[in-house]
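> got a predicted structure here, sequence first:
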Amino acid sequence: MKKLCYALFHCDPSQRPPFALELGFDDRSAASIAECPDIPDAVEKLKGYCQKEGIERSERFALLYPIYLEAMGTDDEDTMHQVAWLIKDKADQNQWAFGRIGGYTGNTVDSFR
């Protein structure tokens, strides 16, 4: 049975919600949850999706948020950091990992499979 490895929040700080949540599995397949108005709603939709589909999360399951380099040095930079903290808080509350991809991290979604 395939396992869910990550949930990637596509929350561009220069765009207004809703946003999409990308779900990545250990078999390299992906799914998407659209129309998420905020972080708590996205996490609830994620949990509901897993329950409905009978999907297990991997032991290393992580909530991911990209580093948007184009936001650096602009008014959107603060928003990006605030969104990252909101996602990290949800990860901590659920005892999941949190990670960043892109930017200068060297991480991609494949780093979390």
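Sure thing, it's come through. Numbers count the residues shown, from 1 in each chain.

> when you work out contacts or count neighbours from here on, use the C-alpha atoms and nothing else.
Fine.

> residue boundaries of the strands in this protein?
3-10, 19-25, 30-36, 56-66, 97-101 (DSSP state E).

> in the fourth one, what's buried?
When you say that, I think you mean strand 56-66. Arg57, Ser58, Phe61, Ala62, Leu63, Leu64, Tyr65, Pro66 (16 or more other Cα atoms under 10 Å).

> name the spans of this structure whose pLDDT lies under the cut-off.
Low-confidence segments of the chain, defined by pLDDT under 70: none present.

> which helix is the longest one in it?
In the chain, with assignment by DSSP state H, the single longest helix is helix 76-93.

> ok, and what's touching that helix?
Helix 76-93 has contacts (Cα atoms under 8 Å, 6 or more residues apart in numbering) with 11-14, 39-40, 43, 62-65, 67-68, 71, 97-98.

> number of residues surrounding Asp27?
12 (other Cα atoms under 10 Å).

> ok, it to Met1 distance?
Distance of Asp27 to Met1, given as Cα to Cα, to the nearest Å: 9 Å.

> repeat for Leu64
Going from Leu64 to Met1 by Cα to Cα gives 23 Å.

> same question for Val109.
From Val109 to Met1 the distance is 20 Å (Cα to Cα).

> look at those two and report which has more neighbours.
Val109 (19 against 8).

> grab the nearest non-local neighbour of the more buried one.
Excluding the flanking residues, the one nearest Val109 by Cα to Cα, 6 or more residues apart in numbering is Ile101, at 6.9 Å.
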